[in-house]
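S.K.: Here's a sequence, model it:
(one chain, ligands or ions: 1)
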Amino acid sequence: MSDAVIETDCLTRKFAVRGKGRKVVTRTTMCAVDNLQLRVSPGESVGYIGANGAGKSTTIKMLVGILVPTSGTVRTCGLDPHRQRRQLAARVGVVFGQRSQLWWDLPVRESFEILAAIHRLPAADASARTAELTEQLELGDFVATPVRQLSLGQRMRAEVAAALLHRPRLVILDEPTIGLDVLSKQRLREFLVTERLSHGTTLLLTTHDMGDIERLCERVLVVDHGSTVYDGSLNGLAQTAGSDRILVLDFVEATTDLTGIPHTKHLGSEVGGARQRLSFDSENTTAAMVLAAVGERAELRDLTIEEPDIEDVVRRIYQARR
Ligand SMILES: Nc1ncnc2c1ncn2[C@@H]1O[C@H](COP(=O)(O)OP(=O)(O)OP(=O)(O)O)[C@@H](O)[C@H]1O
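M.R.: Predicted coordinates:
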């Protein structure tokens, strides 16, 4: 028997699409997930990325049994997700960034009590786990507050706690950091890293945020039109998609002379030349080397390094294949 946490074979999901011509209504089918072969082993952390409409959510819905495949097979934690949804719920925790699994009008704590009862956790176990998650996710200030009064960052932390209450062996997160501020994102990512290390939890997450992938995922899958177009390490992704980083440089005085620095490209200037943008190829140089060269030409006041945009990485992967 396979020990895979997720295993799909030729997994396919089609949808009927109604189109309206001038006189007739046409019916076509579109393939949202196309012969997907996927195997995830225990303890892996996998980022699942792709353009809008690439098929990520449809895959997740089949993995948790919300949608039935048109053809092919899927096993999640050794179970048939659609037929064995109840048993699967005990082994999987799911967080949909755009949808809540908490009771809107109840205090957070009461949602946890209901979920603990649904999962039939022994009382002592439930209260120990609730206390652990409340501390780690810093929920203490608002466990008595109704969910509808929480900020987005607070609610997302409560959602993650709710999904992990029963110590699932697989956690699936669909856009967990969408709309969160930098600090809330950082806290959530740190928690997920710790949780994974201490419990050996398997993570699968979809995101449009490259920071999530960089901090949380060892393996990355890129999907295009329902098929996998990249499956490998984060480093390999950078090699395939290019590894340009962008430095935003603020100078004491306006400057324009930033051309000719090795492995960099001048992208433009703002604020009358006091702010310059420079991209550099992190495979061949480092931020420190570029800054040293810049510092010889003009006096720097401040700088930031922009994370690569995930849409950009995905676009480059798609282009490299065409
Ligand atoms: N219930 C449905 N009926 C018809 N078409 C659907 C349905 N659900 C999804 N689709 C279509 O299937 C394709 C894949 O959608 P899916 O939501 O899986 O993409 P996604 O990669 O999750 O996108 P996003 O990043 O925008 O969430 C899209 O073209 C979408 O319009």
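
S.K.: what number of residues lie near the closest residue to residue 234 other than its chain neighbours?
M.R.: Among residues not flanking residue 234 along the chain, residue 220 sits closest, at 5.8 Å (Cβ to Cβ, 6 or more residues apart in numbering). All C-beta spots, glycine's among them, are computed from the backbone N, C-alpha and C. A total of 23 residues lie near residue 220 under the criterion other Cβ atoms under 10 Å.

S.K.: so what's residue 220 bridging to?
M.R.: Beta-bridge pairing of residue 220 under DSSP bridges involves residue 47, residue 232.

S.K.: Please tell me I have it right and it contacts residue 239.
M.R.: No - using Cβ atoms under 8 Å, residue 220 is not in contact with residue 239, being 11.9 Å away.

S.K.: Can you list the low-confidence ranges for this protein?
M.R.: For the chain, applying pLDDT under 70 flags the ranges 1, 21-22, 242-243, 256, 307-308, 321-322.

S.K.: which stretch of helix or strand covers residue 27?
M.R.: strand 25-40 (DSSP states H and E).

S.K.: Do any residues in that strand lie close to the ligand?
M.R.: Yes - interface with the ligand: strand 25-40 contributes residue 32 (Cβ under 6 Å from any ligand atom).

S.K.: quick one: buried residues of that strand?
M.R.: For strand 25-40, the neighbour count (16 or more other Cβ atoms under 10 Å) marks 31, 32, 33, 34, 36, 38, 40 as buried.

S.K.: now the strands: where do they sit in this structure?
M.R.: In the chain, the strands defined using DSSP state E lie at 6-20, 25-40, 45-50, 71-76, 92-96, 170-174, 202-206, 219-224, 227-233, 244-251, 264-270, 275-281, 300-306.

S.K.: For the second one, which strands pair with it and how are they oriented?
M.R.: Read that as strand 25-40. Strand pairing (DSSP bridges) places strand 25-40 next to strand 6-20 (antiparallel).

S.K.: what does the partner strand rub up against?
M.R.: Strand 6-20 has contacts (Cβ atoms under 8 Å, 6 or more residues apart in numbering) with 25-40, 55, 58-59, 62-63, 67, 69-76, 170, 202, 204, 226.

S.K.: 6 Å instead, please
M.R.: Defining contact as Cβ atoms under 6 Å, 6 or more residues apart in numbering, one finds that strand 6-20 is touched by 25-36, 38-40, 58, 69-76.

S.K.: How about stretch 224-244?
M.R.: By Cβ under 6 Å, 6+ apart, stretch 224-244 touches 31-34, 54-55, 220-222, 279, 281-283, 313, 316-318, 320-321.

S.K.: can you tell me if it touches the ligand.
M.R.: No - using Cβ under 6 Å from any ligand atom, stretch 224-244 never reaches the ligand; the gap is at least 7.1 Å.

S.K.: Likewise for stretch 58-69?
M.R.: Yes - using Cβ under 6 Å from any ligand atom, stretch 58-69 reaches the ligand at residue 58.
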